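Trainee: how would this look folded up:
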Amino acid sequence: MRSTLEEAIVETRSTSLENRPRLPRIALSKRHRAVVRALNPMLVTYLEASWDLCETDSILFGAALAVCRTIGTKVSTVGHATGQLSAIPAWRRRIEERIAKYRALIDRLICFRSGNNRPRIVRTVRMAFAGTNSDQKRVYESLERPIVSGTGPAPNQDDTVAFWRDLWSEHVNHSEGPWTEVVASQCASITPMDPDIITPDDVAEAVRRAPNWKSPGLDGLHHYWLKGFVVCHTVLARQFQEALNQKSLPSLFTTGVTRLVPKDQESLRDYFSKFGEITEVMVMKDPTTRRSRGFGFITFADPASVDKVLAQGTHELDGKKGKPLISF
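Mentor: Predicted structure coming up:
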């Protein structure tokens, strides 16, 4: 097990964050917990020699990788940033599930209007009306709320990307106006706060309340491993304290991805208008927040346009790929 740990740590140190393998979820069994506990004493030597948070993160990720290899869990060999492209994204699954749910409900309502009074159809209609009547005030407020939409043209995609790139990537020099000196003089008489001291107990309490397998950060390390490798709490407390005193954090904690996903009726109309004349475009929105639910409906004047859309198969809109579904 020690050689497996050494090999995994060396491998992790030589791999960038984006190219790290994806750590799988492991079952919460006694055998797996025993393997994690057995690795704790072996990690002490590596953690004591760690000089910063990035090095500690590499050690912990390597230890998690060693656990997976020891218990025989399959680990993806592709990077966690690119491996997700081969699987169906979670947002797409949610949208398809919602579409299927609403399509079934609409079909039953149409059957009820056409005179089909089978018990299952009637029960569905009653449940739909009961859900509407449960909060009539919110329903009427959503119906009476004015729909706010932009009147001008949509912003250019290149300009939007450039705006956010400048906002996140360029260094900002804050202006130190005269008013800052006035505020500083007014605050001179305020008793400063006692310095914050981060203890290992603070780290243990923070990770104890965190979900085990929620989506990890850029490093791909889940909270489960921070809970299992208890020997890291002392080192993390010390290094977090040093970062707090030095007022600096490694890029590991400040690097992220900004995704620009505009969802409006005009973007749908502009994209699908090349397949034929569109008579209606409707984006499904939450009645309370007015935010898009992630899918919409398009009605073409000519049924042949629908065939053209389906013949193309996968469509890419706003950086996301998906297959449209037909509804009658």
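
Trainee: Which helix or strand contains Ile298?
Mentor: Using DSSP states H and E, Ile298 maps to strand 292-300.

Trainee: Show the subsequent helix or strand relative to that strand.
Mentor: Next element after strand 292-300 (DSSP H and E): helix 303-312.

Trainee: Which residues outside that next one are in contact with it?
Mentor: 272, 275-277, 300, 315, 324, 326 (CB atoms under 8 Å, 6 or more residues apart in numbering). In short, each C-beta sits where N, CA and C put it, glycine included.

Trainee: And it, what's buried?
Mentor: 305-306, 309 (16 or more other CB atoms under 10 Å).

Trainee: Does Lys323 touch His315 like I think?
Mentor: Yes. With contact defined as CB atoms under 8 Å, Lys323 reaches His315; the gap is 7.3 Å.

Trainee: tell me the pLDDT at Asp135?
Mentor: Asp135 is assigned 60 on the pLDDT scale.

Trainee: where do the helices sit along the stretch 51-200 of the chain?
Mentor: Using DSSP state H, counting those that start in this stretch, the helices assigned to the stretch 51-200 of the chain run over residues 53-71, 90-113, 119-133, 136-144, 157-169, 178-186, 200-209.

Trainee: Pick the most buried one from those helices.
Mentor: Ranked by mean neighbour count, the helices of the stretch 51-200 of the chain are led by helix 53-71 with a mean of 22 (mean count of other CB atoms under 10 Å).

Trainee: what packs against it?
Mentor: On a contact count with 3 or more CB pairs under 8 Å, 6 or more residues apart in numbering; DSSP states H and E, helix 53-71 meets helix 2-13, helix 30-48, helix 223-228, helix 232-246.

Trainee: Could you check the pLDDT of the residue nearest to Val125 when sequence neighbours are not counted?
Mentor: Leaving aside its sequence neighbours, Val125 sits nearest to Phe112 (CB to CB, 6 or more residues apart in numbering; 5.0 Å). The model reports Phe112 with a pLDDT of 81.

Trainee: again with Phe275
Mentor: 84.

Trainee: List the residues that contact it.
Mentor: 300, 305, 308-309.

Trainee: Also Ile71?
Mentor: Ile71 is in contact with 26, 31-32, 35, counting by CB under 8 Å, 6+ apart.

Trainee: Drop anything exposed from those residues.
Mentor: 26, 32, 35.

Trainee: As JSON lines, those with distance to Gly296 would be great.
Mentor: Output for those, formatted as JSON lines (distance: CB to CB, whole Å):
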{"residue": "Ile26", "distance to Gly296": "39"}
{"residue": "His32", "distance to Gly296": "44"}
{"residue": "Val35", "distance to Gly296": "48"}
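
Trainee: Specify which member of those residues is nearest to Leu268.
Mentor: Proximity of the buried ones among the contacts of Ile71 to Leu268 (CB to CB) peaks at Ile26, which lies at 41.8 Å.

Trainee: and that closest one, helix, strand or coil?
Mentor: Put simply, Ile26 is coil when judged by DSSP: H, G, I helix; E, B strand; the rest coil.

Trainee: show me the residues around it that make contact.
Mentor: Per CB under 8 Å, 6+ apart, neighbours of Ile26: 32, 67-68, 71, 73, 224.

Trainee: Where does pLDDT dip in the stretch 101-250 of the chain?
Mentor: For the stretch 101-250 of the chain, applying pLDDT under 70 flags the ranges 128-155, 172.

Trainee: same thing but 50
Mentor: Applying pLDDT under 50 to the stretch 101-250 of the chain flags the ranges 150-151.
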